[in-house]
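Enquirer: Sequence and predicted model, in that order:
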Amino acid sequence: MGSVTQHKVPVIDFHKENLDPHSSCWISTSEHVVRALEDYGCFIVNYDEFPLELHEAIFGASQKLFDLPIQTKVLNTSDTLTHGYAGQHPIAPLYEALGIEHPTTPQGVQKFTNLLWPNGNDSFCEIALSYSKIAAKLEQTVMRMVSQSYGIEKDYEKILRSLTYLLRLIKYRKPRQNENNVGIASHTDKTFMSIIHQHQVKGLEIQTKEGEWLPIDLSSPSSFFVLVGDVCMAWTNGRIESPEHRVILPEGIEERYSLGLFSFVRDSIVRVPEELVDDEHPLQYKPFDHLKLLQFFSTKDGKVKIVSKYDLKAYCGV
Ligand SMILES: O=C(O)CCC(=O)C(=O)O
Ligand SMILES: [Fe+2]
């Protein structure tokens, strides 16, 4: 009988001391982060810097947003695929989402707020901006650790100059009779990186490389889920892989709210850094344009297709 390994998504604490790049624990934390990403493509982070009040505030704000009439919510359109309102889709009937473009800037949140609340909503602006800045900082800390470990900081600086964010606010309603409880079917994110936060109700699951589904338990209000998108997988020449994930709504819940801070590389070609290509690691992905990748994986009516990481090879595989 072979031994059975119990897989568990790694949990890493980020606090003041290990977030100082000059500290000795920065190095050990970086090693932990890189190992988690290489093994699972994701990890849970307990992020000390995140205030409890902001957790309550952003989900309170999100609830009010989804309570707006549908005619108002559909005003949230975008020139960029997957960046605007999504809902009532036959393949994901429980899922509804709105997207704030450039949410780490006052102009970005203001533009979104003006559209949905023509009489203004300063509190929403303030909350969405504070939340997005903290989540973006978390992503950048993680990627600094990764790029330092791989010796590709210069390449990361270049990516960072072209990086734009989208804050997606998501609501899943409970299934009606005869509907199944799949909130979002198995997929990998077509992002550079994704940072997920949730409110009380569980349901997010990831698939390990061995094919096992693991629940993501974000039990504390300061827990976040960091996951690699397909674009980061290609950029690291497959050193880290984007994990398949899905949302299965637990029995008996009324609804589930979550938030995704997603990053995209705009107006710049993504190339695998030379340092990550050698005899042992031949080049796997050709240089590509992130927004064209979104187009490649979208249907004619502008909806993103639910596809896996293996499909990326069809777009930019060598
Ligand atoms: O709601 C969640 O927890 C995850 C959402 C997700 O995977 C996505 O929007 O791509
Ligand atoms: Fe996702």
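Expert: Arrived safely, thanks for sending. Ligands and ions are numbered 1, 2, ... in the order given.

Enquirer: So what sits opposite the residue of the stretch 1-150 of the chain found nearest ligand 1 in the bridge?
Expert: Across the stretch 1-150 of the chain, no residue is closer to ligand 1 than A97, which sits at 6.8 Å (C-beta to the nearest ligand atom). Quick note: C-beta positions are derived from backbone N, CA and C, even for glycine. Each beta-bridge partner of A97 is listed here: A86, I170, as defined by DSSP bridges.

Enquirer: now swap in the one 4 residues further on and tell me
Expert: On the basis of DSSP bridges, E101 is bridged to L166.

Enquirer: thought it was touching R168?
Expert: No: proximity of E101 to R168 does not meet the contact threshold set by C-beta atoms under 8 Å, at 10.2 Å.

Enquirer: rewinding a little: distance of the residue of the stretch 1-150 of the chain closest to ligand 1 from F288?
Expert: 25 Å (C-beta to C-beta, to the nearest Å).

Enquirer: Also E179?
Expert: E179 sits 37 Å away from F288, going by C-beta to C-beta.

Enquirer: what about these two, which has more around it?
Expert: When E179 and F288 are compared for neighbours, F288 comes out ahead with 20 against 11, by other C-beta atoms under 10 Å.

Enquirer: For the stretch 151-300 of the chain, list the residues in contact with ligand 1, please.
Expert: Within reach of ligand 1 by C-beta under 6 Å from any ligand atom, the stretch 151-300 of the chain has these residues: R168, I170, I184, D189, I196, Q198, L204, H245, V247, S258, G260.

Enquirer: dump the residue contacts of the residue nearest the centre of the chain.
Expert: Using C-alpha atoms, centre = their mean, the residue of the chain that lies closest to the mean C-alpha position is S194, 1.9 Å off. Shown here is S194, whose contacts under the criterion C-beta atoms under 8 Å, 6 or more residues apart in numbering are V226, L227, V228, G229, G260, L261, F262, S263.

Enquirer: ok, 6 Å please
Expert: With contacts defined as C-beta atoms under 6 Å, 6 or more residues apart in numbering, S194 is in contact with L227, G229, G260, F262.

Enquirer: which residues of the stretch 1-150 of the chain score low on pLDDT?
Expert: Counting by pLDDT under 70, the stretch 1-150 of the chain shows low-confidence ranges at 1-6.

Enquirer: tell me the helices in it, going along the chain?
Expert: Listed in chain order, the helices found in the stretch 1-150 of the chain under DSSP state H, counting those that start in this stretch are 24-40, 52-66, 70-73, 106-116, 122-150.

Enquirer: any idea which of those helices is most buried?
Expert: The highest average neighbour count among these, using mean count of other C-beta atoms under 10 Å, belongs to helix 122-150 at a mean of 20.

Enquirer: helices and strands around that one, which ones?
Expert: Contact here means 3 or more C-beta pairs under 6 Å, 6 or more residues apart in numbering; DSSP states H and E; on that basis helix 122-150 packs against helix 24-40, helix 52-66, helix 106-116, helix 153-161, strand 193-198.

Enquirer: among the residues of the stretch 151-300 of the chain next to ligand 1, which two are most distant?
Expert: D189 and Q198 (15.5 Å; C-beta to C-beta).

Enquirer: In three-state terms, label the one residue in the chain that gets nearest to ligand 1 for me.
Expert: When you check the chain against ligand 1 by C-beta to the nearest ligand atom, the closest residue turns out to be S258, at 3.5 Å. State at S258, reduced to three classes by DSSP: H, G, I helix; E, B strand; the rest coil: strand.
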